[in-house]
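S.K.: Provided below for reference: sequence and predicted model.
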Amino acid sequence: MHSINYGTKELFFELKQSERKSLAIEVHPDNSIKVLAPLKSSLKDIKKVVLTKSKWIVKQQSYFEQFLPKTPEREYVSGETHCYLGKGYILKIRPGTENKVKLKGGCFNVEFNGENSQQITRNLLAKWYYQHAERKFFYVANQVFQKFKEFEVEQPNLEIRRMTKRWGSCQKNGKIIINPEIIKAPTKCIEYVITHEMCHLIQFNHNKKFYELLSQKMPNWEKWKNRLEQTLS
């Protein structure tokens, strides 16, 4: 797998070289990119050609995105798939002696004491997600902060708060707010969001220097941004 940078995007492509005379670029419905090139072509020359076709590649990806399946509205019933750290787990609901959630055997096992309802299951899962998000986010934030020691900034306060349209935000007082929903995405996606917000401690606006810093601290950030959007779309 190789990649080229196109503006703030990083385009990843699979390369296959064979006894052919010309280079061809394919964009598939899952948004993957495949490059077919002659054996004699160097990687440097191949990347130059891909870069010249970047505008077309992004346009094709945007076209295919409208056909990608969206996550259906949750009903919180047995048999549904719910995500945690990028993996899907089957929801199993059954009566028990107390209200609790346990992740075991590839399933979210939800037990309820008394009468069950969609709202009870939803609340139990939300509480479970929040508790695990709290532990995971603080751990990742501590790891990411080590990359910013050179700037001699104080470690920011981290707050977990549900937001309707944002994965995270950074306030001018240094507080970073993270949406608990991203606990459903892979750890690298969580790292991307926290890295993005910590970059705002140095460059508050989304300017060129901000993206240069983000690329320095997490070179493949665009890949995980896209993965986050696909996971939680």
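M.R.: On my side now, so go ahead.
S.K.: quick one: the strands in this protein?
M.R.: 2-6, 9-18, 24-27, 33-38, 81-84, 87-95, 100-104, 107-112, 158-160, 168-170, 176-178 (DSSP state E).
S.K.: quick one, the longest one and strand 2-6 angle?
M.R.: Our comparison of strand 9-18 with strand 2-6, counting by axes from the mean of the first three to the mean of the last three Cα atoms, to 10 degrees, yields an angle of 140 degrees.
S.K.: roughly how far apart are the spatially closest residue to Leu214 that is not a sequence neighbour and Ile46?
M.R.: In this structure, Leu214 finds its nearest non-sequential neighbour in Cys199, 4.9 Å apart by Cβ to Cβ, 6 or more residues apart in numbering. In short, each C-beta sits where N, CA and C put it, glycine included. For Cys199, the distance to Ile46 equals 31 Å [Cβ to Cβ, to the nearest Å].
S.K.: of these two, who's got more company?
M.R.: Remark: of Cys199 and Ile46, Cys199 carries more neighbours, 26 against 20, as counted by other Cβ atoms under 10 Å.
S.K.: check contacts around that one.
M.R.: Phe210, Leu213, Leu214, Lys217 (Cβ atoms under 8 Å, 6 or more residues apart in numbering).
S.K.: Looking at the second one now. What's its pLDDT?
M.R.: By that I understand Leu213. Reading off the confidence values, Leu213 has pLDDT 95.
S.K.: so it sits right up against Gln203, yeah?
M.R.: Yes - assessed by Cβ atoms under 8 Å, Leu213 is found in contact with Gln203 at 5.8 Å.
S.K.: Of these two, give the one with the bigger neighbour count.
M.R.: Leu213 (20 against 15).
S.K.: Quick check, pLDDT for the closest residue to that one other than its chain neighbours.
M.R.: Closest residue in space to Leu213, ignoring its immediate chain neighbours: Cys199 at 5.0 Å, by Cβ to Cβ, 6+ apart. Predicted confidence (pLDDT) for Cys199: 94.
S.K.: what's the distance between Cys199 and Asn207?
M.R.: 11 Å.
S.K.: Find residues that contact each of these two.
M.R.: In contact with both Cys199 and Asn207: no residue, using Cβ under 8 Å, 6+ apart.
S.K.: low pLDDT regions in this protein?
M.R.: In the predicted model, the chain carries pLDDT under 70 at residues 1, 29-30, 65-72, 233.
S.K.: Can you name every helix or strand that the longest helix that it contains contacts?
M.R.: Counting residues, the longest helix found in the chain (DSSP state H) is helix 118-145. If you count contacts as 3 or more Cβ pairs under 8 Å, 6 or more residues apart in numbering; DSSP states H and E, helix 118-145 packs onto strand 81-84, strand 100-104, strand 107-112, strand 158-160, strand 176-178, helix 187-199.
S.K.: So which of the ones you listed is nearest Ser54?
M.R.: When the helices and strands packed on helix 118-145 are compared by Cβ to Cβ, helix 187-199 sits nearest Ser54, at 21.4 Å.
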